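1. only the shape, not the letters, is given here:
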């Protein structure tokens, strides 16, 4: 699988939203950025996110689900369902 390159702007370092995240949520968010599709969307099943974002770490699905909820509450991701399957999108992707 060929994953597209992403360029992060340095302004992410002074983002009030990102600054309020705990360290794991921030790392999770950065890893999301480099894994979402060209429209800022991705499968939001915890097992899929764990495998894609943390393939070499022993992170539990519960930790993934909790962190995803934290990012949703912070406004970093939007969660939705299609046909009963969970997905996420990055609301600021177009900016």
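-> Thanks, I have the structure now. Please read these numbers as outputs of a predicted model, since none were measured by experiment.

2. C-alpha only now, for contacts and for neighbours.
-> Noted.

3. next, give phi and psi for the residue lying farthest from the centre of the chain.
-> Centroid-distance maximum for the chain: residue 83 at 20.9 Å, with CA atoms, centre = their mean. Per-residue torsions, residue 83: phi 60, psi 30 (degrees, to the nearest 10).

4. try residue 41
-> Main-chain dihedrals, residue 41, degrees, to the nearest 10: phi -120, psi 160.

5. show me the contacts for it.
-> Residue 41 makes contacts with 87, 88, 89, 90, as judged by CA atoms under 8 Å, 6 or more residues apart in numbering.

6. per-residue confidence at residue 8?
-> The model reports residue 8 with a pLDDT of 64.

7. distance from the chain centre to stretch 25-42, please.
-> Relative to the chain's own centre, stretch 25-42 is displaced by 4 Å; criterion: CA atoms, centre = their mean, to the nearest Å.

8. please renumber so the chain begins at 131
-> Renumbered: residue one is now 131, and that last one reads stretch 155-172.

9. buried residues in that stretch?
-> Applying a neighbour-count criterion of 16 or more other CA atoms under 10 Å, one finds 155, 156, 158, 159, 162, 163, 164, 165, 166, 170, 171, 172 buried in stretch 155-172.

10. residue 168 versus the nearest residue to the fifth one once chain neighbours are set aside, what's the distance?
-> By the measure of CA to CA, 6 or more residues apart in numbering, the closest residue to residue 162 outside its immediate chain neighbours is residue 183, 6.8 Å from it. Spatial separation of residue 183 from residue 168 under the definition CA to CA, to the nearest Å is 17 Å.
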